[in-house]
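Engineer: Sequence and predicted structure are below.
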Amino acid sequence: MLDGPVLETARLRLRPPQEADFAGLCALMGDEQTARHIGGVTEPALTWRSMAMVMGHWMIRGYGFFTVEEKSTGDWVGRVGPWNPHEWPAPEVGWSILRSQWGKGYGPEAAGAALDFVFDRLGWERVIHLIAPENANSAAVARKLGSVNTGETAQIPGFPGSLTDVWAQSKADWAVNRARLVHALTP
């Protein structure tokens, strides 16, 4: 099991990934609609390798995608967090939420906690989100976070021919946008 920080929001717990997350990750990566913009549907053997890669990112960088759990049930919701592999365009916070959990506001809630983490604890000054132009759901999450589409496109290393929009915000932007997000998430 990986050792690392555990972040909590009103409804969610974000923790380092562990082997027990494999079934949730298989559900995420086995669903065409949720996997479409993150490399496509993968069989369990490739999903296992992807999980090992994410855990390796934690070992190398000291951070990575968090497993997101619903606090009240312990249910696996998705993965959200900082990501910066070799030759990545810039440090990123990304998100992937199970389709059964869409519409509950978990994406912005978990990504907001991840932004707090990267700006306050990792000392990042700017963060990006690489979002396929046709991925309206992720663009909506980025907008809720206060990130803006910079108009740039990026080639994602390891995914030849896949150009994505670069959404971004600075640490100073997040200081303002965070208060707005917290207000929007409060029932």
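Structural biologist: Structure's in. What do you need?
Engineer: Just the endpoints, please. Distance across stretch 100-113?
Structural biologist: 21 Å (Cα to Cα, to the nearest Å).
Engineer: For it, buried residues please.
Structural biologist: By 16 or more other Cβ atoms under 10 Å, the buried positions in stretch 100-113 come out as 101, 105-113. From N, CA and C alone the C-beta is placed, and that goes for glycine too.
Engineer: and if you look at stretch 44-54?
Structural biologist: So for stretch 44-54, counting by 16+ other Cβ under 10 Å, buried means 47, 51, 54.
Engineer: I figured the first one hits L25, correct?
Structural biologist: Spelled out, that is T47. Yes - here T47 reaches L25: they are 5.6 Å apart, a contact under Cβ atoms under 8 Å.
Engineer: how about the strands in the protein?
Structural biologist: Listed in chain order, the strands of the chain (DSSP state E) span 7-8, 12-15, 66-70, 76-83, 92-97, 126-131, 148-155, 163-170.
Engineer: so which of these gets nearest R36?
Structural biologist: Nearest of those to R36, taken as Cβ to Cβ: strand 92-97 at 10.7 Å.
Engineer: what does the closest one contact?
Structural biologist: The contact list for strand 92-97 (Cβ atoms under 8 Å, 6 or more residues apart in numbering) reads 28, 34, 38, 65, 68, 77-84, 106-107, 110-111, 114-115, 118, 127-130, 138, 141.
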